[in-house]
Each structure stands twice: as C-alpha cells, then as structure tokens.
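Novice: dropping the sequence and predicted coords here.
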Amino acid sequence: MKRCVAAVILIVLVAGLSPVYGTVYKLYYLGGQSNMDGYGSVGELPGGLKVPPEGVLIYQSSAADDNSPVNGAGKWSSLLPGHGRGFKSDGVTNTYSDRFGVELTLARRLRELNGSRPVALLKYSKGGTSIHVDAARYFGCWDPDFDKGDGVNQYDHFLATLRRAMSVRDIDGDGQDDMLVPAGIVWMQGESDAGDETIARQYEANLKRLMDLVRAALRVDDLPVVVGRISDSGKDDDGQIWDYGSVVRRAQADFCRKDACAALVTSTDGYGYSDKWHYDTVGYIDLGIRFADALHTLEQKK
C-alpha cells in the first residue's frame, strides 16, 4: 500500500552563506465548484469563528471565467470570514463577501489535530464548473485539455494562483522567508457533471486525472486528497436536482476506494440547504471539521 506523504518546498533566503528560515506552514489546496466557494452566511457565524485564528494564513484569487486572462492575483492574509462566494482580490487588497466556506473550521480543526502547527490555505474554486468539457456550459471547465475559445480553463487559473502564492517568500510578513509543505487537497465538486448520464459515467476517470495533475503541480505524487460527496436537496419538481447524482457519488466513492491516499466525506447527506443547490451555514461549519478529520487520518497512515 502506498504511504501518503508530503513533500517540502523550500523557499530560502540566503544571508551570506547561511540560509535563514522563517515559519514552516502545512499547505492545503481547496478547490471545486460553488459548495467549495461557500454560501454560509457570515452574519450567522458564532462569535468565535469571526476572530482570525492564530497561525493560519490564506491565499485566494478571484474566480475567473474560461478564456479570460490568466492572473491568479491574491494576497496572503489572516483567515477572516468572507472567503465565500463573492470574494475578490486584486493582489493588493482582498474584498471580503458576506459568505464563507469550509476554510474557517477546516483551518482551526487542523491546528487542533496537528499540535497547533501553522496552516496555510490556498483557495481557488468557481461555482458551476465541471471536469468534463461537455458539461462546462458558461461556468467553466477543469479539464486541462479544454481548448475552446482561447483555450484557457479552470486548471490554468489554478496554476496561476499556485504560482503567484508560491512566489511570495515571506508570507506572514515577519521579515524571514517561510517554508511551505504541501499537505493535502480538499475537493468539493461534481454536481455539474451529474446532469448527463454519459458525462457522469466518466467522472471517476476525469477526477483521477485531475487530482493526479493537481498533485503534480504541488510536486507530491501521493498527496492526501479528501473529496466531499455531492448530495441533493430534492428541491425540484421530480424531487431530484442532479439527475445522475447517484452515478457521480458512486464514482467519487470508487476513486477514493482505489486511491490509498484519498478519502470520501459523506456528512453532506445530512446538511440543510440555503437554496436548491447550496448547504446552509451549519453545514459549512461542520463540513470544514469533517474535511480536517479526514485529512488528518490520511496524513497519519503508514
């Protein structure tokens, strides 16, 4: 059985002949579509989640359309509420929204589980996006070979975000270059691939290829991947939003079963919804904790 590992990416400041290191951060990538964006209401957060946690930084770039200029601009900052739908960054200023996602409780729980080790989150996601090209519509596609229009896709925007984030040597601004250790991937996506049976049946293969490429971008072949299982609010005339959601759910489970360094989070089935498609505030608070627990279990595997 493969062992889940994390590779160290060193960012070194040379002072004379001696390298000077700042803080070592465990780096986690958060990606997917709208339930990764986050639709939790900041106004409904308990007070403890409104305060920036110690030892946590986040870099998030603005969601970008396919065929739009590749940018990836963001700013390493303390973790505040407002990194949900509507968040924007121009690389100088972060504009926070009234929404949040799994990042708030994910980071806190990871700190609890890892002896308060510093955590760095890298977030790039976009609502409505698919992995399969034929399901992209006007929302966007994660397939790296997507070549419609200018050929720019969501994977390109992810790579740009990663490059920009990793190019910052001193992410906490303390005057010393920091070390980022890729430690995991959190993926919440699949609803947009669940509207067509043929597309849904290709989801496992498409997900595997994409996760392999994200791992490659982070330079760790066996990097832990945690997948959130899609669920259905049932708020449609026929009682089912995603016609082939069960096919995608099975594909997600099969991917995680076959990959020794992947795990499936299934708590989504029990969440309430703020609309037909998105979880409510309580759901996002819980989902972040579940993701962190699953990541920790994978990191502890021998």
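Specialist: The structure has been received and is ready for your questions.
Novice: ok, Lys301 - how many residues close by?
Specialist: 15 (other CB atoms under 10 Å). C-betas here are computed from N, CA, C, even on glycine.
Novice: show me which helix runs longest in the chain.
Specialist: helix 281-299 (DSSP state H).
Novice: where do the helices of the stretch 201-302 of the chain begin and end?
Specialist: 203-217, 245-258, 281-299 (DSSP state H, counting those that start in this stretch).
Novice: need these in TSV with mean neighbour count, mean pLDDT and distance to Ile230, can you?
Specialist: Formatted as TSV, the helices of the stretch 201-302 of the chain follow (neighbours: other CB atoms under 10 Å; pLDDT from 0 to 100; distance: least, CB to CB, whole Å):
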stretch	mean neighbour count	mean pLDDT	distance to Ile230
helix 203-217	19	98	10
helix 245-258	19	98	6
helix 281-299	21	98	12
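Novice: format those helices as TSV; extra columns: distance to Cys4.
Specialist: Shown next, in TSV, are the helices of the stretch 201-302 of the chain (distance: least, CB to CB, whole Å):
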stretch	distance to Cys4
helix 203-217	11
helix 245-258	13
helix 281-299	5
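Novice: in stretch 37-54, which residues are buried?
Specialist: By 16 or more other CB atoms under 10 Å, the buried positions in stretch 37-54 come out as Asp37, Gly38, Tyr39, Gly40, Ser41, Val42, Leu45, Leu49, Pro53.
Novice: look up how far Gly115 lies from the closest residue to Val226 other than its chain neighbours.
Specialist: Spatial nearest neighbour of Val226, excluding adjacent residues (CB to CB, 6 or more residues apart in numbering): Ala294 at 4.4 Å. Using CB to CB, to the nearest Å, Ala294 is found at 18 Å from Gly115.
Novice: now do Asp150
Specialist: Asp150 is 46 Å from Gly115, where distance means CB to CB.
Novice: of those two, who's got more company?
Specialist: Higher neighbour count among Asp150 and Gly115: Asp150, with 12 against 6, using other CB under 10 Å.
Novice: follow-up on the earlier one: out of the helices of the stretch 201-302 of the chain, which gets nearest to Arg108?
Specialist: helix 281-299 (7.9 Å; CB to CB).
Novice: from Gly31, how far off is Asp196?
Specialist: For Asp196, the distance to Gly31 - CB to CB - is 22 Å.
Novice: show me which of these two is the more surrounded one.
Specialist: With neighbours defined as other CB under 10 Å, Asp196 and Gly31 compare such that Gly31 has more, 24 against 17.
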